[in-house]
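Chemist: Turn this into a structure:
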Amino acid sequence: MTDPVPDQTALARLGAKVSARLADNPAIHRLPADAVELFAIPDFLTTDECTCLCAMIDAVARPSALHELDYASGFRTSYSGDLDPRDRLVADISARIDAVLGVKPAIGEPVQGQRYLQGQQFKPHNDWFYVTESYWPQERLRGGQRSWTAMAYLNAVEAGGATAFTHLGIQIEPKAGALLLWNNALPDGRPNEATLHAGLPVDRGVKYVITKWYRTRQWR
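Modeler: Coordinates of the predicted model:
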């Protein structure tokens with residue numbers, strides 16, 4: 001028998017465990033959003049780490065795609081690429097994010113870097129997978145539903161480029177070194193529609209971020 005909501009039990013269990021851990025850490029701030037478990041660490045990365053990561057992103061960035069949607073669709077117009085997991089800096093930062101969340105490294109996807117030039121954006125979307133879509137059987141085999149998202153800003157953008165949680169009415173301005181963390185599921189393990197968010201267009205300058213997504217099972 002399949003779960004009515006795939007991975008629901010695992011999402012509920014992992015969500016409760018991580019949320020409790022983050023709430024107990026005085027260095028981590030919970031943002032005022034009742035509908036989403038959303039946290040921030042202001043100075044997670046150093047200036048030198050941010051500078052190095054920006055250079056790595058420039059080296060691997062290619063036009064972003066989103067399952068069936070390609071760059072030409074205009075939905076996601078950033079450039080992105082996975083960072084080398086064997087690089088010492090990347091491995092260290094990835095492990096530090098794992099440690100903050102208190103999760104096994106095996107459920108984490110590779111760290112991805114994204115670069116947004118002037119006018120580029122990522123329209124409102126959820127990080128969790130829609131299980132009715134054709135891509136879901138493959139994603140279920142690759143590790144199941146996404147549970148938590150970790151996203152770090154690497155620079156201050158001259159103008160624009162905020163992260164907008166559209167259902168919450170919250171816009172978070174990029175601040176170099178800051179790490180955002182949010183649970184993509186509700187406490188009962190169902191996908192949380194209120195996590196809908198957008199990377200607003202960059203009006204001036206460039207925006208760099210790294211993102212690491214976590215599954216419910218081992219990433220393959």
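
Chemist: Just the C-alpha atoms of the longest helix seen in the chain, please, in CSV.
Modeler: Using DSSP state H, we find that the single longest helix of the chain is helix 8-23. This file holds the C-alpha atoms of helix 8-23, laid out as CSV (Å, rounded to 0.1, in the frame of the first residue of the first chain):
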residue,chain,number,x,y,z
GLN,A,8,4.3,12.0,4.9
THR,A,9,5.4,10.2,8.0
ALA,A,10,9.1,10.8,7.3
LEU,A,11,8.4,14.5,6.6
ALA,A,12,6.5,14.9,9.9
ARG,A,13,9.2,13.1,11.9
LEU,A,14,12.1,15.0,10.3
GLY,A,15,10.3,18.3,10.5
ALA,A,16,9.7,18.0,14.2
LYS,A,17,13.2,16.9,14.9
VAL,A,18,14.9,19.7,13.0
SER,A,19,12.5,22.4,14.1
ALA,A,20,13.1,21.6,17.8
ARG,A,21,16.9,21.6,17.2
LEU,A,22,16.8,25.0,15.5
ALA,A,23,14.5,26.6,18.1
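
Chemist: And it, what does it pack against?
Modeler: Secondary-structure packing of helix 8-23 (3 or more C-beta pairs under 8 Å, 6 or more residues apart in numbering; DSSP states H and E): helix 88-101, strand 148-153, strand 179-183. For glycine as for every other residue, the C-beta is placed from the backbone atoms N, C-alpha and C.

Chemist: what distance separates stretch 177-187 from the centre of its chain?
Modeler: Centroid displacement of stretch 177-187 relative to its chain, using C-alpha atoms, centre = their mean, to the nearest Å, is 8 Å.

Chemist: mind checking pLDDT for the residue lying closest to residue 194 once chain neighbours are set aside?
Modeler: The shortest distance from residue 194 to any non-neighbouring residue, by C-beta to C-beta, 6 or more residues apart in numbering, is to residue 35 (3.9 Å). Here, the pLDDT recorded for residue 35 equals 98.

Chemist: Residue 166 now?
Modeler: pLDDT, read off for residue 166, is 96.

Chemist: give me the beta-bridge partners of residue 40?
Modeler: residue 29, residue 180 (DSSP bridges).
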